[in-house]
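K.L.:
starting from these lines, generate the structure:
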Amino acid sequence: MSLVKKILAEKISSRKDEIDGFFAEKYSVTKPLFYASVDIRHSGYKIVPVDTNLFPAGFNLLTERQKQLATQQVKIYLEQNFSGKNKILIIPENHDRNKYYLQNVKTLKQIVEGAGTEVELGRIDIQNEVELETADGSFLKIQPINRTENKASASGFEPDLVIVNNDFSSGSPEILRKLNNQPIFPPIGMGWYRRRKSSHFDTYEILAREFCRKFDIDIFQISAQFRRCGKINFKEKEGLDCVAENVEELLRRLRAKYREYKIENEPYAFVKANSGTYGMGIMVVKSGAEILEINKKERHSMNSIKEGVENTEVVIQEGVPTIDSYEDKPAEPMIYLVNGNPISCNYRINSNQDAFGNLNSKGMEFIQFDCEEKSAGELNCPVQGLIAKLASLAASQECYEINWVI
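P.N.:
Numbering: from 1, shown residues only. Predicted coordinates:
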């Protein structure tokens with residue numbers, strides 16, 4: 001066990017009731033998200049969240065025990081927030097050929113149904129029912145979504161609630177706006193067309209500092225430094241000076257921190273699109289000069305993200321090398337949460353990358369990992385679980401304007 005994990009594990013063990021009380025107090029003000037997933041990097045000297053996804057795929061990776069934990073948390077979430085509402089519509093991504101994603105949808109449907117609900121699948125981009133094959137050879141039936149006045153339905157199925165597993169990168173769909181008594185979670189206003197990673201990391205930093213003061217933890221150990229640049233056009237090489245300057249400033253600050261903590265690694269940074277997922281719009285740099293010298297292929301890669309949306313803002317994030325590995329391949333934990341509580345810890349690995357690289361890229365694989373159950377509703381991955389809970393709590397506190405315009 002690394003030093004940072006040992007320190008945090010001891011803190012969690014000795015002050016568990018106080019830590020549970022911290023989260024309970026926060027969630028009495030802002031209710032937890034229905035679900036989320038958090039990517040974590042563990043370097044030995046720090047363990048931090050590097051991405052928090054509010055529309056997670058990957059439920060097909062869960063073990064049977066983890067599915068049971070997820071169902072348990074779904075049931076608690078519904079009882080605490082939507083008692084008596086048991087007809088649920090799940091809206092997946094518009095993927096027809098990705099059988100593993102569809103397997104994820106099938107598993108998510110089974111998890112929610114296990115909580116005693118009736119579930120249908122619906123999409124806004126189809127006019128008739130479709131049947132799509134999943135990775136296990138079974139088929140999912142997906143219905144077109146219709147709207148009558150302020151109610152959404154799917155081929156006559158009128159849901160009490162809507163669960164979104166579509167990140168709405170390109171905008172908020174008109175058909176789902178301002179529904180009458182049909183709550184949507186996560187809210188579509190938290191889709192990637194509006195949500196920003198910089199807002200998430202700002203919120204996390206504030207929350208983490210409060211947590212660290214309360215529990216006598218060094219903020220350096222659980223938070224990655226970052227900076228932001230907007231008004232960028234990679235295709236036309238506009239705004240790159242802002243990125244280069246902020247890369248240099250971040251690296252300067254990190255070198256000072258590394259000297260303070262006697263860390264021998266040379267600092268580096270991830271430059272990421274400020275919105276979006278799927279590992280798109282990411283590059284790794286060790287100097288600002290690399291940004292100014294970016295070639296045409298790299299500019300093309302950074303210029304657009306999912307669904308062809310133009311990337312005009314970036315986050316420059318402290319690079320955190322991973323010491324986690326699986327069969328000599330670099331790995332990073334992915335924590336899945338339901339109702340703000342961890343229900344699984346799986347790993348992303350990538351033999352095409354080293355410990356410093358972006359593992360969410362070509363060559364990645366996913367490893368199903370079954371943590372030993374600690375007690376009812378908890379997994380024995382306390383440190384990763386704590387960091388993920390803080391990131392998920394921060395995501396629930398993010399605030400975006402009410403209007404639906406991008």
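K.L.:
in the helix or strand harbouring V383, which residues are buried?
P.N.:
Assessed by DSSP states H and E, V383 sits inside helix 382-397. For helix 382-397, the neighbour count (16 or more other Cβ atoms under 10 Å) marks 382-396 as buried. All C-beta spots, glycine's among them, are computed from the backbone N, C-alpha and C.
K.L.:
do stretch 258-268 as well
P.N.:
258, 263, 267-268.
K.L.:
now it: mean pLDDT?
P.N.:
Stretch 258-268 comes out with an average pLDDT of 96.
K.L.:
one more: stretch 43-57?
P.N.:
Mean pLDDT, computed over stretch 43-57, is 96.
K.L.:
check stretch 301-309 too.
P.N.:
77.
K.L.:
next one: it to chain centre, how far?
P.N.:
How far stretch 301-309 lies from its chain's middle: 18 Å, per Cα atoms, centre = their mean, to the nearest Å.
K.L.:
and for stretch 53-68?
P.N.:
Centroid separation between stretch 53-68 and its chain, computed with Cα atoms, centre = their mean, is 13 Å.
K.L.:
list the buried residues for it?
P.N.:
Under the neighbour-count criterion of 16+ other Cβ under 10 Å, stretch 53-68 has 53-62, 66-68 buried.
K.L.:
disregarding residues adjacent in the polypeptide, which is nearest to M190?
P.N.:
Distances taken as Cβ to Cβ, 6 or more residues apart in numbering place L54 nearest to M190, at 5.6 Å, with adjacent residues excluded.
K.L.:
if you could redo that for G319, that was the one I meant.
P.N.:
Spatial nearest neighbour of G319, excluding adjacent residues (Cβ to Cβ, 6+ apart): Y268 at 3.9 Å.
K.L.:
mind listing what that neighbour touches?
P.N.:
Counting by Cβ atoms under 8 Å, 6 or more residues apart in numbering, Y268 touches 251, 284-286, 319, 356.
K.L.:
isn't there a helix covering K231?
P.N.:
No - counting by DSSP: H, G, I helix; E, B strand; the rest coil, K231 is not found in a helix; it is coil.
K.L.:
phi, psi of the closest residue to it other than its chain neighbours?
P.N.:
Once flanking residues are discounted, K231 sits nearest to G239: 5.1 Å by Cβ to Cβ, 6+ apart. Main-chain dihedrals, G239, degrees, to the nearest 10: phi 80, psi 0.
K.L.:
G239 is in contact with C229, isn't it?
P.N.:
Yes - the pair G239 / C229 is scored as a contact, 6.6 Å apart, by Cβ atoms under 8 Å.
K.L.:
comparing these two, which residue is more hemmed in?
P.N.:
Set side by side, G239 and C229 show more neighbours around C229, with 23 against 17, by other Cβ atoms under 10 Å.
K.L.:
for the more buried one, name its beta-bridge partners.
P.N.:
Judged by DSSP bridges, the bridge partners of C229 are V314.
K.L.:
and the most centrally placed residue in the chain, how far from I367?
P.N.:
Centroid check for the chain by Cα atoms, centre = their mean gives N53 as the closest residue, at 1.8 Å. Taking Cβ to Cβ, to the nearest Å as the measure, N53 and I367 are separated by 18 Å.
K.L.:
with F59 instead?
P.N.:
The gap separating F59 from I367 is 15 Å, by Cβ to Cβ.
K.L.:
now swap in D20 and tell me
P.N.:
Separation of D20 from I367 (Cβ to Cβ) stands at 29 Å.
K.L.:
so which of these two has more stuff around it?
P.N.:
Taking other Cβ under 10 Å, D20 and I367 do not tie; I367 has more neighbours (14 against 10).
K.L.:
nearest residue to that one in space, please, no chain neighbours.
P.N.:
Computed as Cβ to Cβ, 6+ apart, the closest residue to I367 that is not its neighbour in sequence is Y347, at 4.3 Å.
K.L.:
tell me the bridge partners for that neighbour.
P.N.:
Beta-bridge pairing for Y347 (DSSP bridges): P333, I367.
K.L.:
can you pull the contacts of it?
P.N.:
By Cβ under 8 Å, 6+ apart, the residues touching Y347 are 324, 326, 331-334, 366-367, 369.
K.L.:
if we use 7 Å, what do you get?
P.N.:
By Cβ atoms under 7 Å, 6 or more residues apart in numbering, the contact list for Y347 reads 326, 331-334, 367, 369.
K.L.:
the nearest residue to R196 once chain neighbours are set aside - how many residues pack around it?
P.N.:
Sequence neighbours aside, N274 is the residue nearest to R196 in space, at 5.1 Å (criterion: Cβ to Cβ, 6+ apart). Using other Cβ under 10 Å, N274 has 23 other residues around it.
K.L.:
quick check: the gap between N274 and P183.
P.N.:
With distances taken as Cβ to Cβ, N274 is found 28 Å from P183.
K.L.:
same check, this time on R147
P.N.:
16 Å.
K.L.:
same check on L337?
P.N.:
Look at L337 and P183: by Cβ to Cβ, they are 19 Å apart.
K.L.:
quick one: which of these two has more around it?
P.N.:
Set L337 next to P183 and count neighbours by other Cβ under 10 Å: L337 wins out with 27 against 15.
K.L.:
which secondary structure elements does the helix holding V383 contact?
P.N.:
With contacts taken as 3 or more Cβ pairs under 7 Å, 6 or more residues apart in numbering; DSSP states H and E, helix 382-397 sits against helix 3-14, helix 16-27, strand 35-42, strand 47-53, helix 197-215, strand 329-338, strand 341-350.
K.L.:
okay, the angle between the fifth one and helix 3-14?
P.N.:
Using axes from the mean of the first three to the mean of the last three Cα atoms, to 10 degrees, the interaxial angle of helix 197-215 with respect to helix 3-14 works out to 60 degrees.
K.L.:
avg pLDDT for helix 197-215?
P.N.:
97.
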